[in-house]
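*Asks:* below: sequence and its predicted model.
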Amino acid sequence: MDNRIFLYDDVINAKTRFVSFAGENIRFDLGIITTDRFYGKQMVLDLQSNRFAIIGEDDLAEEGYLEYAFQLSPEDAADLRSFLEQIV
């Protein structure tokens, strides 16, 4: 018998957007999930690197956040930030 203790087990509706675009140096293939689960932020999945982050306007303004979260160079993070500022 399974004695698993769940902290939560919710089923929610979410909107998912898939976007692919070319930056100056690399291609971005993203999944962007919007739900009420993340306090107005969106979950951004980089499908090429298998990395994700929950991102809001405050995260985009934080220096080095995208570089750290997605393991990007400053130039590539600038390309991603430029796109995300339009949708977050």
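*Replies:* That came through fine.

*Asks:* tell me where the protein has strands.
*Replies:* 15-22, 27-34, 42-46, 51-55 (DSSP state E).

*Asks:* from Tyr68, how far out is the residue most central in space within the chain?
*Replies:* Centrality entry for the chain: nearest residue to the mean C-alpha point is Val44, 1.6 Å, by Cα atoms, centre = their mean. To Tyr68, Val44 is 14 Å away according to Cβ to Cβ, to the nearest Å. All C-beta atoms are positioned from the backbone trio N, CA, C, and that covers glycine.

*Asks:* how about the strands of the chain in a markdown table, adding mean pLDDT and distance to Arg4?
*Replies:* Listed next are these as a markdown table, based on pLDDT from 0 to 100; distance: least, Cβ to Cβ, whole Å:
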| stretch | mean pLDDT | distance to Arg4 |
| --- | --- | --- |
| strand 15-22 | 97 | 28 |
| strand 27-34 | 98 | 25 |
| strand 42-46 | 98 | 24 |
| strand 51-55 | 98 | 25 |
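
*Asks:* quick one: the ones you listed as a markdown table, columns for distance to Leu80 too.
*Replies:* Formatted as a markdown table, the strands of the chain follow (distance: least, Cβ to Cβ, whole Å):
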| stretch | distance to Leu80 |
| --- | --- |
| strand 15-22 | 9 |
| strand 27-34 | 6 |
| strand 42-46 | 8 |
| strand 51-55 | 10 |
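
*Asks:* most packed of these?
*Replies:* Ranked by mean neighbour count, the strands of the chain are led by strand 42-46 with a mean of 20 (mean count of other Cβ atoms under 10 Å).
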